[in-house]
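*Asks:* Predicted model, plus sequence, below.
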Amino acid sequence: MASIDLQPTEYKSPSHQTTISGAEAIVQALIQEGVDIAFGYPGGAIMPVYDALYDYQDRLHHVLARHEQGAVHAAQGYSRASGKVGVCLATSGPGATNLITGIADAHIDSTPLVCITGQVPSHLLGSDAFQETDVIGISIPVTKWNYQVTKAEEIPLAIAKAFYIAHTGRPGPVLIDITKDAQFQQLNFEYKRCTSIRSYREEPVIEMNQIEAAAKAINEAKRPYVLFGHGIILAEAEQEFKAFVEQSNLPAAWTILGLSAMETSHPLNVGMLGMHGNYGPNLLTNECDVLIAVGMRFDDRVTGNLDKYAKQAKVIHLEIDPAEINKNVHAHIPVLGNAKKTLPLITQRLQKKDRNEWLERFAECDQLEHDKVIQEELNPTNEILTMGEVIRILNEKTGGDAIIVTDVGQHQMVACRYAEFKQSKSNITSGGLGTMGFGLPAALGAALGAPDRTVVCVVGDGGLQMTIQELATIYQTQAKVKVLLLNNEFLGMVRQWQQLFFDKRYSSTEMINPNFQLLAKGFRMHTNQVTHRDQLDQALTEFIETDGAYFLEVMVGKENNVFPMVPSGSGVAEIRLD
Amino acid sequence: MEKQEFTITVYTENQVGLLHRITTIFTKRKINLESLTTSESEIVGIHRFTIAVTESEEQVIKVVKQIEKQVEVLKADFYKKKEVVQQELALYKIATETLTNGIEIERIVREHNARFLTIERKFVVIEKAGYKRETKALFDELEPYGIKEFVRSGRIAVARQQFGPGKDIEAVLLANSSSI
């Protein structure tokens, strides 16, 4: 099929046209989109772009990752911390395929990215040329949009569309593949930002009868319960959300991507949902009468067994993506639209209620969980260090002001459960895809995206070794990343499952690790290791207060488990405290 | 939920890669496409996919929403069997000598409302449009005489409702005439 969509009809005015190369047009387009930092890795098919970048170093800073996966995760971390579109560059073939894990991660977690890959010259397409891969074909299932540019004149419009699509509506990753000959070709460059595409609607039209129905259901509810997700943060609707729950004293629990949208200490913040979430938020899902989901997608890690999920409740689903309505959980009242706009419309129709009795149920559950799990996890009575106590002391040192970036596994669940947050965009983690290796490069990106904030990367010994090479990028950029390695010498989460569900057959989960202290020293980091409780407080003080990057390794219990837990296949009310 | 026959229609921009983007939505859910036909639509410059599947209604609704979400898709709809007028086209190649051995073939062709598309020295091609069961019935009758080659097209269908999906799309295009 021929392309009718990217014809250069925009460039008619000859008065301020300049002729530049396609590669330079790419760089200028990025600058026009407000990009001042890009993450990437050079190679043959993207070399003209890198050559053009050389002339724009003062305006567009390029961060040289040590692997393309590091570059894309860094772009994700940058985006999640800054709220801007993350940009990464890679060459064709292996460069492009190495981006795919991060693109898939950004797709499932709705992170806006623009990825630009070089491609073999257009006359070699399909010839199995050196470093040729069908990256358009490979990336289709994990991108919001992708496009292959084979002529320089297509570049301005392709990039303008890429940014517009990436950050509007439900955000997501976009990939633009650009053949090397298009990078060399000259074009008359004029840039116009894209503001609409005729086949694409940013947001659904708000239906007032659904707003009315939602408000009525909440007003009539005895036990309403709110679940909030990433949508609040993506819509920058934190204030609107707070006003909404406060108006009618609605208890609100978060998904791990929604974490930090509402401060941890808020009395209506009742905790974490999901497999390793808090006791009350899971249990009471099956006791509420109206369940209000805001900007979340009922992931199976949140719902457990759908046949036993909130069957008694009337479900209100506030969502920007129509495809999420009724995907996993039937919505009795779908409220389509951008939460920043729909929430205030509902709030102004809500009656003030105190709901003390209902809120007391959450407090009771909280107390039970505290007595059975939290107390011992945060203040252990035996000598083995727990991940929870490390996070408890970390909270004291950061005052809840830090950005916490986590990898995937036990440490991730513990950090999400216990880390405290005062401001939004502060919890950065790989939620939907569960990508080990995400943490370290994402923390680097976050540190560059929010340079005034403390960034702590909480990581396990498994995930760290998947992208450990990015310690070199941290050194080269002088990003002030604080790496907190919780080392249990196991792939802890898998080991926990083996213990609970596979008869303690620890198949390939024990890690005979390198000397991380020497390794980190090799990457020229400040390093320290904690093996005993009495070292912990001082070590964490130094960790946070030292100016610059720091690598702190804490040896925690090898066979500690994360509880509570909703076992796979069970309903949320079957949550186990031990 | 019980599986049944559905026809999905998708109106799109004419864009490289869109076919792949739409089919991956099915493959991700391990849904078999019975047929897929792309063509122009009644709107200038707008392409149309006509997809035949046998699936549960619940699954079809989800798939159609995922298709409609794609940037270059203008509209996606689904129809039950009774909600469309549908046809398939079949071609049957048989040896010309089969014809010269009697009048049986001519009778069969006539009775099935089929026609001879071409008669060559070595072979003839018979053409039949209709429902799958009709083209199948002709196949079954011709089979004893030896079918040298057979092909059936994908399902094409138009909605029974007075205005097809195109009417909504024209309104969208009119409203967004300034966008790209």
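*Replies:* All right, it came through fine.
*Asks:* Please count neighbours and contacts with C-alpha atoms only from this point.
*Replies:* Fine.
*Asks:* Show me what the helix or strand A:F39 falls within pairs with in its sheet, parallel or antiparallel.
*Replies:* Taking DSSP states H and E as the definition, one finds A:F39 inside strand A:37-40. Next to strand A:37-40 in the sheet, as set by DSSP bridges, lie strand A:61-64 (parallel), strand A:86-90 (parallel).
*Asks:* CA atoms only: put the helix or strand bottoming out on mean pLDDT in chain B into PDB for me.
*Replies:* Ranking every helix and strand in chain B by mean pLDDT, DSSP states H and E puts helix B:166-175 at the bottom, with a mean of 77. What follows is helix B:166-175, C-alpha atoms only, in PDB (Å, rounded to 0.1, in the frame of the first residue of the first chain):
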ATOM      1  CA  GLY B 166     -19.100   5.000   6.300                       C
ATOM      2  CA  LYS B 167     -21.700   7.600   7.300                       C
ATOM      3  CA  ASP B 168     -20.100   8.200  10.700                       C
ATOM      4  CA  ILE B 169     -16.600   8.300   9.100                       C
ATOM      5  CA  GLU B 170     -17.600  11.000   6.600                       C
ATOM      6  CA  ALA B 171     -18.800  13.100   9.600                       C
ATOM      7  CA  VAL B 172     -15.500  12.500  11.400                       C
ATOM      8  CA  LEU B 173     -13.500  13.400   8.300                       C
ATOM      9  CA  LEU B 174     -15.500  16.500   7.700                       C
ATOM     10  CA  ALA B 175     -15.000  17.700  11.400                       C
END
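*Asks:* Now do that helix: which elements does it pack against?
*Replies:* The contact analysis (3 or more Cα pairs under 8 Å, 6 or more residues apart in numbering or on different chains; DSSP states H and E) places helix B:166-175 against no helix or strand.
*Asks:* Pull out the buried positions in it.
*Replies:* Neighbour counts using 16 or more other Cα atoms under 10 Å in any protein chain shown place B:166, B:169-170, B:172 of helix B:166-175 among the buried residues.
*Asks:* any chance of those residues in CSV, with distance to A:V205 too?
*Replies:* As requested, those are exported to CSV (distance: Cα to Cα, whole Å):
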residue, distance to A:V205
B:G166, 20
B:I169, 16
B:E170, 18
B:V172, 13
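*Asks:* Go through those residues and name the one nearest chain A.
*Replies:* B:V172 (7.4 Å; Cα to the nearest Cα).
*Asks:* Pretty sure the closest one sits against A:I197.
*Replies:* No: applying Cα atoms under 8 Å, one finds B:V172 not in contact with A:I197, separated by 10.9 Å.
*Asks:* any idea how far A:E369 is from A:T303?
*Replies:* Look at A:E369 and A:T303: by Cα to Cα, to the nearest Å, they are 19 Å apart.
*Asks:* Which parts of chain B are helices?
*Replies:* B:18-27, B:57-68, B:96-100, B:104-111, B:132-142, B:166-175 (DSSP state H).
*Asks:* what angle do the first one and helix B:57-68 make?
*Replies:* Read that as helix B:18-27. Counting by axes from the mean of the first three to the mean of the last three Cα atoms, to 10 degrees, helix B:18-27 lies at 150 degrees to helix B:57-68.
*Asks:* which residues of the chain score low on pLDDT?
*Replies:* Because you didn't say which chain, this covers chain A. A:1-17 (pLDDT under 70).
*Asks:* Correction: the question concerned chain B.
*Replies:* Within chain B, the stretches with pLDDT under 70 are B:177-180.
*Asks:* who touches the most centrally placed residue in it in this structure?
*Replies:* Closest residue to the average C-alpha location of chain B: B:R155 at 1.9 Å, with Cα atoms, centre = their mean. Taking Cα atoms under 8 Å, 6 or more residues apart in numbering or on different chains, we find B:R155 in contact with B:35-37, B:50-52, B:86-88.
*Asks:* try 7 Å
*Replies:* B:35, B:52, B:86-88 (Cα atoms under 7 Å, 6 or more residues apart in numbering or on different chains).
*Asks:* Equivalent analysis for A:Q119, please.
*Replies:* By Cα under 7 Å, 6+ apart, A:Q119 lies in contact with A:45, A:91-92, A:132, A:177-180.
*Asks:* Restricted to helices, list the residues you listed.
*Replies:* Per DSSP H, the contacts of A:Q119 map to helices at A:K180.
*Asks:* Check the spacing between A:P224 and chain B real quick.
*Replies:* Separation of A:P224 from chain B (Cα to the nearest Cα, to the nearest Å): 28 Å.
*Asks:* Would you agree that residue is in contact with A:C288?
*Replies:* Yes: contact between A:P224 and A:C288 holds when scored by Cα atoms under 7 Å: they sit 5.7 Å apart.
*Asks:* Between the two, point out the one with more neighbours.
*Replies:* A:P224 (27 against 21; other Cα atoms under 10 Å in any protein chain shown).
*Asks:* how close does that one sit to A:V315?
*Replies:* Using Cα to Cα, A:P224 is found at 10 Å from A:V315.
*Asks:* Quick check: neighbours shared by those two?
*Replies:* Here A:P224 and A:V315 share the contacting residues A:290-291, scored by Cα under 7 Å, 6+ apart.
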